[in-house]
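Participant: this is a predicted model, with the sequence first.
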There are 8 protein chains.
Amino acid sequence: MKLTVYLAGQIHDDWREQLKAKASEKELPLTFVSPQTNHDRSDDIGEAVLGEQPGKIYRDDAASAINNFRTEVLMQKSDVVIALFGEKYKQWNTAMDASAAITMNKPTIIVRPKSLIHPLKELSNKANVTVETIDQALDVLSYIYE
Amino acid sequence: MKLTVYLAGQIHDDWREQLKAKASEKELPLTFVSPQTNHDRSDDIGEAVLGEQPGKIYRDDAASAINNFRTEVLMQKSDVVIALFGEKYKQWNTAMDASAAITMNKPTIIVRPKSLIHPLKELSNKANVTVETIDQALDVLSYIYE
Amino acid sequence: MKLTVYLAGQIHDDWREQLKAKASEKELPLTFVSPQTNHDRSDDIGEAVLGEQPGKIYRDDAASAINNFRTEVLMQKSDVVIALFGEKYKQWNTAMDASAAITMNKPTIIVRPKSLIHPLKELSNKANVTVETIDQALDVLSYIYE
Amino acid sequence: MKLTVYLAGQIHDDWREQLKAKASEKELPLTFVSPQTNHDRSDDIGEAVLGEQPGKIYRDDAASAINNFRTEVLMQKSDVVIALFGEKYKQWNTAMDASAAITMNKPTIIVRPKSLIHPLKELSNKANVTVETIDQALDVLSYIYE
Amino acid sequence: MKLTVYLAGQIHDDWREQLKAKASEKELPLTFVSPQTNHDRSDDIGEAVLGEQPGKIYRDDAASAINNFRTEVLMQKSDVVIALFGEKYKQWNTAMDASAAITMNKPTIIVRPKSLIHPLKELSNKANVTVETIDQALDVLSYIYE
Amino acid sequence: MKLTVYLAGQIHDDWREQLKAKASEKELPLTFVSPQTNHDRSDDIGEAVLGEQPGKIYRDDAASAINNFRTEVLMQKSDVVIALFGEKYKQWNTAMDASAAITMNKPTIIVRPKSLIHPLKELSNKANVTVETIDQALDVLSYIYE
Amino acid sequence: MKLTVYLAGQIHDDWREQLKAKASEKELPLTFVSPQTNHDRSDDIGEAVLGEQPGKIYRDDAASAINNFRTEVLMQKSDVVIALFGEKYKQWNTAMDASAAITMNKPTIIVRPKSLIHPLKELSNKANVTVETIDQALDVLSYIYE
Amino acid sequence: MKLTVYLAGQIHDDWREQLKAKASEKELPLTFVSPQTNHDRSDDIGEAVLGEQPGKIYRDDAASAINNFRTEVLMQKSDVVIALFGEKYKQWNTAMDASAAITMNKPTIIVRPKSLIHPLKELSNKANVTVETIDQALDVLSYIYE
């Protein structure tokens, strides 16, 4: 059974590539999709499509519309969502995507370090499973195929 | 037409009381509900109901289950959601509640200071309206009754 | 049985007041809600709440967010939608509201003059009932109570 | 990831063919579907199937039933909707399709010239993204695959 | 707990009045709603509202649009549906209403004479409960309040 | 675009085979599914699986459970429903299937002879399209592919 | 804010009366509803309404149809579900009601003794909150009103 | 037409393998999925992924989260659910899965021995079909393809 997995979460390291490589080693029939992971491109996409905007808030709104469009298309096609929180930044997009996924009844795994247990406790409780590492997340995905 | 408004967001000042007082002055037929705003009570509710847990993560999970139960009951009864972000803390519960509300098609207003425009841009774009002050949020609610 | 009726449509004459007066004469237990019918207020509400915007498109977007918020709150509370098209203007909001209502399974009546039969034919076909006058629309509402 | 895109909107020029050609050049894995774009066929389909009707309104109703059937089948199979407004005609079908798509949670792009910003402002605000040209719409679609 | 009960089914005797009288005797807090039970009015309502139509099929379509509008409004407001089949006529409206109610998850009781067991077997199997008399249907309603 | 079409309706002639042959001639990419069309098998399936039942009503209920199971599986997999009414029999299953399909938002075509216009008028009005012959139904299906 | 609470679960002691008394002492604005708690009446309701059936399985099926009808009506009207498991019996109705409630997004509390932790672990994990005593369940309900 | 079948139920004998073998003999185009059928692995999966937990209840909760995740993914991909109850154990997971499936409108077959007729009567009544043996369940599946 093929499954599509949306990888929500921070875009400041290569955790998605690591996860894909490990899934590939295990020969799991998974397709991974994700938000735009090039931060500059993600911030710039609004003006890249629509032209210069009259200030930062309008630039941001133009970019976010296109980023949200992309996320909505890909998340609707996904069977599972993994949302990874790192230790830096606000990561409200990650919380937004995880909460939307849970509300849409997409089975959802949260990955977060021990240091974030307390601020993420309500979101972790709503998710299906919460783990600390991408290896653990992959163990949970593998378990579907046992 | 009576409406019930869920006030998601930070619990570190009295913004809910201010908003209620202003709504009351304007004689708007609104009922306000909200998460537990006593921070210590919110963190402690799990052990208060279920007894001592074997460590912080279990204490947090017990509390979050009951906080999520409360939020789910009250949000399902609400017609409108207002989510306020302040400048401190992660506030992932606020992002979680706003995103759940939007996904459930609850009309949603986000209140956030100018300093948070960039990190909240995708969530703001998904919400119906984003403003900077509770007075503006109340103006939007009042507009329903014009 | 009390019913709430959303009155979508053009805001350039007093058709809503006429309809309410006739419903009142017939003593039908109906509550009517509607979009902002003051055209200038409707166009200005964005800047009235959020302050001056950097150009017409941003002014329009700010206003439309708040108008859409109002419509979404009121339409979700409504049991029936009446959408009236007049002979002037594009009236895309009316088409948008009628189509949204039909898609949400709100029983919907379209009122339009004979001159608009052809351009409105697909929307009329999707609506429950299409009539030409507000008296006919009221006859349909009255029929619920026979 | 293959996606199906419904192209709602005016049928008075070859914008769909242009868009398809450009998507094909970029080798995007997109399948495009659309309403009947032969205007005469679209107006005539009711009588073509059901035989002569007793007047224009009945002819229109017969045609619109079959056009709506077609749209409903194809839109339900689509992952994305693009709705293009031109400067002529009422285009209420375009508004109807865009609003239905948005209400069904289909990610939706509106394409409209600058001259239509004001009359389309509420619909634009509800859509995920609004652009001015089909090249921009294609840029948004391409962004899904970056 | 007050409940609203939609009484679908044949309109050729006074079974609804009998049921209401019995419910009233038992002092059950039930509100009953139903389709138009005046057969002539039901057949004529289209032309009564819209004026003369160019033939029987158009007269029937005009009437059925308004009858369906009424049913949709009232059934959406109902908590329970009772559908009674008699021995005469096609009664496809009754089957249509019962099937729509079941598909909408409205708890549904079918009342039918022994003679109709075989032709109604699939619909009976889909309904929650099937009985033979209105007294039995009322026993089922009363059981909610025990 | 491949579509699956559920053929509800009477099982007393070979209309399904005719329709399939014509669709095949036109090389339309359609897959057809249908209820059990062997009447005796359909009536007997309950006892065939579960063994002899204590009387006709129990025999009918056992059969109808399995027939409904089959219909539910196949209808959920279908993109379009065609429901054909003939001049004989009650055909309440056909009305039940058509109404369930419409309520589930499956685009639905009704085929019925002129003699049934009046008793089917409400169901026809709810369906997307009503025609008189299977050739006309096929014309409507073909129109999707023009 | 008034809430309706469905009390699913075993009917072999007076836990519902205890819970209601305690809620009444605390003056919580709760309305409680429940399945038929008279075991004999619950087993007999099918034959009481429909007359004698041809054996135990048919007697049970007749009763269960009416019990399920009652549960479906009352659970749809409820805002919260409490499901209590005792140490005796299979209690599959309790598991069925709790699982249906959770799938319908009804906020759900499970009450079970320590001895049932292991066999109920998956259901407990799906519920919002799991406690061991009715006092704890009431504490969770009270927390909504703090 | 290929169908995916989720096999809920007890994991203490090889009934799934028997069913698959028989389906394979009949060359039915069915894909079968199921919960983890290795009991020890199912109980241990939480600690296997997350490490040692501070006691049995926490060990159970960790395991059940991952088991529920697996079930949710697979059940959402399934077209049909078969739930088999044996004579031993509580089997609340089986009841939970069957009830969730029915509430999600998945066509559902229950398999249970005669000895369980009474305690399972309400769940049997809600399911589409109830049988006593896996051969009978397979007969019902085969019937889809006749």
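Facilitator: Cool, got the structure.
Participant: helix C:56-76 and the longest helix seen in chain A, what's the angle between them?
Facilitator: For chain A, the longest helix by residue count, based on DSSP state H, is helix A:56-76. Direction vectors for helix A:56-76 and helix C:56-76, defined by axes from the mean of the first three to the mean of the last three CA atoms, to 10 degrees, enclose an angle of 50 degrees.
Participant: indicate whether the strand ranked longest in chain A makes contact with chain H.
Facilitator: Across chain A, the strand with the greatest residue count (assigned by DSSP state E) is strand A:3-9. Yes - Strand A:3-9 comes into contact with chain H (CB under 8 Å from any CB of the partner chain), by way of A:L3. (C-beta placed from N, C-alpha, C; glycine too.)
Participant: rewinding a little: quick one: residues in contact with whatever helix or strand comes next after the longest helix of chain A.
Facilitator: Scanning forward in sequence from helix A:56-76, with DSSP states H and E defining helices and strands, the next element found is strand A:80-84. Residues from elsewhere that reach strand A:80-84, judged by CB atoms under 8 Å, 6 or more residues apart in numbering or on different chains: A:3-10, A:15, A:19, A:75, A:94-95, A:97-98, A:101, A:106-112, A:127, A:134, A:137, A:141, H:73.
Participant: which parts of strand A:80-84 are buried?
Facilitator: For strand A:80-84, a neighbour-count test (16 or more other CB atoms under 10 Å in any protein chain shown) marks A:V80, A:V81, A:I82, A:A83, A:L84 as buried.
Participant: tell me the helix or strand right after it.
Facilitator: Per DSSP H and E, the first helix or strand lying C-terminal to strand A:80-84 is helix A:92-103.
Participant: do the helix or strand that that next one is followed by and chain H meet at all?
Facilitator: Next in sequence after helix A:92-103, counting helices and strands by DSSP H and E, comes strand A:108-111. Yes - against chain H, strand A:108-111 shows contacts by CB under 8 Å from any CB at A:I109.
Participant: direction included, what does strand A:108-111 pair up with?
Facilitator: Partners of strand A:108-111 in the sheet, by DSSP bridges, are strand A:80-84 (parallel), strand A:129-131 (parallel).
Participant: is it possible to get JSON lines of those strands that adds mean pLDDT?
Facilitator: Supplementary listing: the strands paired with strand A:108-111 in JSON lines, determined by pLDDT from 0 to 100:
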{"stretch": "strand A:80-84", "mean pLDDT": "98"}
{"stretch": "strand A:129-131", "mean pLDDT": "98"}
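Participant: wait, a helix at A:F32?
Facilitator: No - if the criterion is DSSP: H, G, I helix; E, B strand; the rest coil, then A:F32 is strand and not within a helix.
Participant: that one reaches A:K22, doesn't it?
Facilitator: No - counting by CB atoms under 8 Å, A:F32 sits too far from A:K22 to count as a contact (11.2 Å).
Participant: closest point of chain A to chain C, which residue?
Facilitator: With CB to the nearest CB as the measure, A:P54 is the residue of chain A nearest to chain C, at 3.8 Å.
Participant: which non-adjacent residue is nearest that residue?
Facilitator: C:P54 (3.8 Å; CB to CB, 6 or more residues apart in numbering or on different chains).
Participant: residue most distant from the centroid, chain A?
Facilitator: Distance from the C-alpha centroid of chain A, by CA atoms, centre = their mean, peaks at A:P54 (30.0 Å).
Participant: my guess is that one contacts C:R59, does it?
Facilitator: No - applying CB under 8 Å, one finds A:P54 not in contact with C:R59, separated by 11.4 Å.
Participant: where does chain A come near chain B, residue by residue?
Facilitator: Taking CB under 8 Å from any CB as the measure of proximity, chain A contacts chain B at A:56-57, A:60-61, A:63-65, A:67-68, A:71, A:89-93, A:95-100, A:102-104, A:116-126.
Participant: next, the distance between the ends of stretch A:107-114.
Facilitator: Distance between the two ends of stretch A:107-114: 22 Å, counting by CA to CA, to the nearest Å.
Participant: ok now that stretch, how far from the chain's centre?
Facilitator: For stretch A:107-114, the distance from its own C-alpha centre to the chain's C-alpha centre is 10 Å (CA atoms, centre = their mean, to the nearest Å).
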